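Undergrad: fold the following, please.
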Amino acid sequence: MAGHILKNYRLIDLTHKIDSSIPHWDRGCAFKLLQAQDYLDCQGLVKFRAQDFHLRAGLGTHLDAPAHCIPGGRDIASLNLEDLIAPCYVINVTHKIQNPDYFISLADIKEFETKYNPNFKNSLLIAYTGWSQYWYQIDKYRNEDEKGNMHFPGFAVESIRYLLAKGIKGIAIDTLSPDGSHEDFPVHQLMLENGKYIIENVINVELLPEVGALIITLPLNIVNATESPVRMIALIDNSL
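TA: Predicted coordinates for the structure are as follows:
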């Protein structure tokens, strides 16, 4: 099976690497890797390098479960594997973000439907805004104004309502949040109160076809966790 996949599919890693320099929702360092034990042993005994991780749960490419906003909502460990494997559609709005506060509109979604006739039911919709190009320019990626409010592309609320009615499993975006500059987080609220999930800080979306990829997203299986870093990969049939 593994040989068949490697022969017939291209694998794309959609996951940012994690280190102490990457941007996140709050300022400061959100990740530390500490050496709890190192190799050196003067007596020649076999030893290991053992490490501790200190990190924010919503760091890097990560998934928000319903419990992130909704009391009693599903936590990370309650998500089914079937939820985390989904056909993917990519909506490209890179040519529309001269204004960093651009929100993917219902017109954008319907234009995509006219072109591709997608079946959004049980799918993952990824927004490709191109914002990941600023990942290692923390000030630009966060893009704060003088009041500390951040500005980057997101989804319009009416687009999310439409996608929910179509039965999507989740949305993903290559920014810190699908809410963009909405300060009251209506996209989070709508998605998570409907039992769906959100993936933030995706990378390499430009390598995906707009239709036809299969996405596998694997968070840490932590009970009561509302967010988790993920390893997110795309499988693309070589015939595409």
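
Undergrad: contacts for the helix or strand where K32 lies?
TA: Assigned by DSSP states H and E, K32 falls within strand 31-37. Identification of contacts with strand 31-37 by C-beta atoms under 8 Å, 6 or more residues apart in numbering yields 18-20, 22, 47-56, 59-60. (Glycine included, C-beta is placed from N, CA and C.)

Undergrad: and that strand, C-alpha only, in CSV?
TA: Extracted in CSV, the C-alpha atoms of strand 31-37 (Å, rounded to 0.1, in the frame of the first residue of the first chain):
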residue,chain,number,x,y,z
PHE,A,31,7.9,27.7,21.8
LYS,A,32,10.9,26.4,23.7
LEU,A,33,12.8,23.2,23.2
LEU,A,34,14.8,22.2,26.3
GLN,A,35,17.4,19.5,26.8
ALA,A,36,16.2,17.4,29.8
GLN,A,37,19.0,14.9,29.3
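
Undergrad: quick one: strands adjacent to the helix or strand following it?
TA: Counting by DSSP H and E, the next helix or strand C-terminal to strand 31-37 is strand 50-55. Counting by DSSP bridges, the strands paired with strand 50-55 are strand 31-37 (antiparallel).

Undergrad: ranges for the strands of the protein?
TA: 9-13, 31-37, 50-55, 62-64, 85-92, 103-104, 124-128, 154-155, 170-173, 197-200, 211-219, 227-237 (DSSP state E).

Undergrad: okay, those strands in a markdown table with mean pLDDT, distance to E146 and mean neighbour count next?
TA: Shown next, in a markdown table, are these (pLDDT from 0 to 100; distance: least, C-beta to C-beta, whole Å; neighbours: other C-beta atoms under 10 Å):
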| stretch | mean pLDDT | distance to E146 | mean neighbour count |
| --- | --- | --- | --- |
| strand 9-13 | 94 | 37 | 15 |
| strand 31-37 | 83 | 28 | 11 |
| strand 50-55 | 86 | 30 | 12 |
| strand 62-64 | 98 | 28 | 26 |
| strand 85-92 | 98 | 32 | 20 |
| strand 103-104 | 98 | 22 | 24 |
| strand 124-128 | 98 | 27 | 24 |
| strand 154-155 | 98 | 21 | 28 |
| strand 170-173 | 98 | 25 | 26 |
| strand 197-200 | 98 | 25 | 24 |
| strand 211-219 | 97 | 36 | 20 |
| strand 227-237 | 96 | 29 | 20 |
